[in-house]
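**Q** with the sequence up front, the predicted model follows.
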Amino acid sequence: MCPQGNSACCYISIRHHLLPFERKDMTKREATLGAGVLSASHSRPLLSLVLVFLIAVAVWGGAAMQLSLDNLMLLWPAGAVSLGGLWLLGWRWGVVAVVLGALIGSTSIALPEPQLVARTVAVLMTGLVGSFSMRWLRVDQHLSGVRDMLLFLAFAVILAPVVGNLAGAAVHFIYDVQPAVAASTWWHCGVAEIVACLLLLPLVFSVGDTRNQQRDRFAAYACAVLAVSGVVYFDLLPMHLSMTLPLAYIAFPLMLAAAFHLSLRAVAALLFFNGLMALWGTAHSMGPFTLSSSAESIVALQGHLALLSGTSLLLSAALAERRRSMVLQRQSEERYRLIVEHQSEALIKTNASGQVLYATPSAREWVHEEADDNFLLWLSERCPNCSYISMRARLMSGERVSYDHTAGESVLRWTLSPVRGEGNALESVIAVGHDVTVECGAEQRAHRHLEELSHLGRLSDMAQMAGGLAHELNQPLTAVMAFAQAAERLLPAEADTKNTRQALERVVGNTKRAAEIVRHARNFMGNKNAEHRVQDMLKVTRDAMALVDFETRRYAVKLSVAPISPVPWARVSSVQIHQILVNLIRNAMQAMAEQSGEKKIILQIAQDKERMWIDVVDSGPGMDPEITQNAFDPFSGTRGDGLGLGLSICRAIAESHGGSMSLEPVEKGTCVRLTLPLEVRDDGYDDDEVAELFATIA
């Protein structure tokens, strides 16, 4: 049998543990008709010579195994040897060896030319038809199942000898041999060859089976078979007992018992020994099958051997398949038991009233013995906002429920699944709990980060409003100051305008103070002092996606980032970039809120020689052309619950980084692009981070 390859070792190892009795690759598509079973190509020439010798001996032995009456053939093993040889060696090496062996064996017994050619054709056709049928049907080499055994008996044992001997009979007709002689020859040879296949081929097909056998038990059965065969086939009992007792059936219970206790290979060996002794005794006119007519003797003996062999082989294959299934079931149960007992999740099974029936060792770390009487009541007392009555009602209605059990600083999330029995009544409850402390902590941190982003967003809104107001106030203040200064110059010098001049000077001074206050407000609210560092933009994008992960799962939106290589870097403030991306993702989710189909948001990162950009593409209905023109202008939003400053603030942040915001055309949905200057990193380290590291060391 061809050994397994070394590729995909992990998969083969897992499959070997899960299916230890799976069929090997040799009987599947990897095996070709010309290659044969043997994998060592250097040994094929030597084995071909061995096959030539075996075929020659089989042809000669078939002529020797004849009845003393009429010289009718009892056994014709040449076809079985040919089939086994072609199965092992393949057509490339086996066909020539079979032909040479058949010719040598036929010439050794001085057969005439018609019979020589007929026997050679019969032997070759038997091997070709049998090996082709076995490979085409992908029969397991070890005949390890009932299906394989039935196909083997039907095609290799019966069909192949019949076709081969019909081909030999056709050769007789070609040579104008008498029809009666040709019909008698192929019929007797065919039946003898079927018996030979039953006795020899199971040994050939199980030769690669390396499983350990119980040698003591096999030795005991072998001795019993030899003793029973000697009694039955060699006339060791007195004549009156041999004539009255049904000796021919003594072998059946012995072989059936061997099928229960031994492997198929051992049973085939016992059948082979029993068959040889039966043939030898009948050939020498001994045993219960020596009848008055030679034809009756052949039919009785070969029918007995065929029935005994077929029954024993089928029973042995069925029992072997059952034993393998039982072993596989035990291994699966043990494996699943180990998986359940060593899994990190806690598993508890209760009856309908809540009494614990089974609990894994990991569950005992969370649930003590005090909960064994009523686990459901114990859990309801320790979970916030959980009522025992509502829990029971939901479980009895068939609903799966989840509760968070807090123990110290840890949080265990229990999922209770009802199991219904007859009458749709609650039969038991399966409770699975897993530690979600880290997950809850991550959600809390993400929530705090979102709150910080919301706070920054509000500050940005105020900054945008302050900037707009400062811009609007700048022109009137400038005009007031200009007009005040002009009015001061237009006052006549000789007139008594002291009070007027003082008033105008106060107006100019207050106007300058107001302009200075507006300038300071713009500088303060503009957030120009935000710290910018060289950032991995893929990491910044993924961090922004993590901030809205909870919202995307709640709204059933599939959020993903397209793969990119290499990853671009840019000098940015990660908090401000998070603010832009979170705002764009939320806008996309709100645009797809009423959409019934699949909701997708894809973040695509790309770059060229000088710039990099991030595209936020959604599968929504898209923007109207009228809204697109003023999308980034302040107070241009279409939703009634906002001020319309989101995209305007995002553009202001992008411009503070030396970038820009734009809308890109797509076939469906909306694509908003954030463009930033590309930062080239020579050594892979940020100068600011290195300076901070050295400052820390100092």
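**A** Great, that's in hand.
**Q** please count neighbours and contacts with C-alpha atoms only from this point.
**A** Fine.
**Q** what about residue 330, distance to residue 665?
**A** For residue 330, the distance to residue 665 equals 62 Å [Cα to Cα, to the nearest Å].
**Q** typo on my end, residue 328
**A** Remark: distance between residue 328 and residue 665 (Cα to Cα) = 60 Å.
**Q** looking at these two, which one has more neighbours?
**A** Neighbour comparison, residue 328 and residue 665: the larger count goes to residue 328, with 17 against 11 (by other Cα atoms under 10 Å).
**Q** which strands or helices does the host helix or strand of the more buried one pack on?
**A** For residue 328, the host element (DSSP states H and E) is helix 294-342. Secondary-structure packing of helix 294-342 (3 or more Cα pairs under 8 Å, 6 or more residues apart in numbering; DSSP states H and E): helix 146-151, helix 179-205, helix 251-261, helix 264-283, helix 361-364.
**Q** in the first one, what's buried?
**A** For helix 146-151, the neighbour count (16 or more other Cα atoms under 10 Å) marks 146, 148-151 as buried.
**Q** tell me the mean pLDDT for that helix?
**A** Across helix 146-151, pLDDT averages out at 88.
**Q** next one: it to chain centre, how far?
**A** Offset of helix 146-151 from its chain centre (Cα atoms, centre = their mean, to the nearest Å): 29 Å.
**Q** other residues contacting it?
**A** Contact partners of helix 146-151, identified using Cα atoms under 8 Å, 6 or more residues apart in numbering, comprise 134, 137, 139-140, 143, 313-314, 317-318, 321.
**Q** mind putting those residues into a markdown table with distance to residue 402?
**A** Output for these, formatted as a markdown table (distance: Cα to Cα, whole Å):
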| residue | distance to residue 402 |
| --- | --- |
| 134 | 56 |
| 137 | 52 |
| 139 | 51 |
| 140 | 50 |
| 143 | 51 |
| 313 | 56 |
| 314 | 54 |
| 317 | 50 |
| 318 | 48 |
| 321 | 44 |
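**Q** of the residues you listed, closest to residue 398?
**A** residue 321 (40.2 Å; Cα to Cα).
**Q** the closest one touches residue 143, doesn't it?
**A** No - contact criterion Cα atoms under 8 Å: residue 321 and residue 143 do not qualify, at 9.8 Å.
**Q** for the two, indicate the residue with more neighbours.
**A** Applying other Cα under 10 Å to residue 321 and residue 143 shows that residue 143 carries more neighbours, namely 24 against 17.
**Q** what sits closest to that one if chain neighbours are left out?
**A** Nearest residue to residue 143, sequence neighbours excluded (Cα to Cα, 6 or more residues apart in numbering): residue 149, at 5.4 Å.
**Q** again with residue 402
**A** Take residue 402 and drop its neighbours on the chain: the residue closest to it by Cα to Cα, 6+ apart is residue 415, 4.4 Å away.
**Q** pLDDT below threshold where in the stretch 151-300 of the chain?
**A** 176-187, 207-214, 239-244 (pLDDT under 70).
**Q** for residue 293, see how far away residue 259 is.
**A** Residue 259 is 34 Å from residue 293, by Cα to Cα.
**Q** what is the burial count for residue 112?
**A** Neighbour tally, residue 112, other Cα under 10 Å: 10.
**Q** tell me the phi and psi of it?
**A** Residue 112 adopts backbone torsions of phi -70, psi 170, taken as degrees, to the nearest 10.
**Q** got it, and residue 426?
**A** phi -70, psi 120.
**Q** who's in contact with it?
**A** The contact partners of residue 426, taken as Cα under 8 Å, 6+ apart, are 352, 395-396, 418-420.
**Q** what's the closest of these to residue 433?
**A** Nearest member of the contacts of residue 426 to residue 433, counting by Cα to Cα, is residue 418, at 14.7 Å.
**Q** wait, what's in contact with the residue nearest to residue 58 when sequence neighbours are not counted?
**A** Leaving aside its chain neighbours, residue 58 sits nearest to residue 78 (4.8 Å; criterion: Cα to Cα, 6+ apart). Neighbouring residues of residue 78 by Cα under 8 Å, 6+ apart: 55-56, 58-59, 62, 102, 123, 193.
**Q** which residues does the residue lying closest to residue 680 once chain neighbours are set aside bridge with?
**A** Nearest non-adjacent residue to residue 680, counting by Cα to Cα, 6+ apart: residue 569, 7.0 Å away. Beta bridges link residue 569 to residue 536, judged by DSSP bridges.
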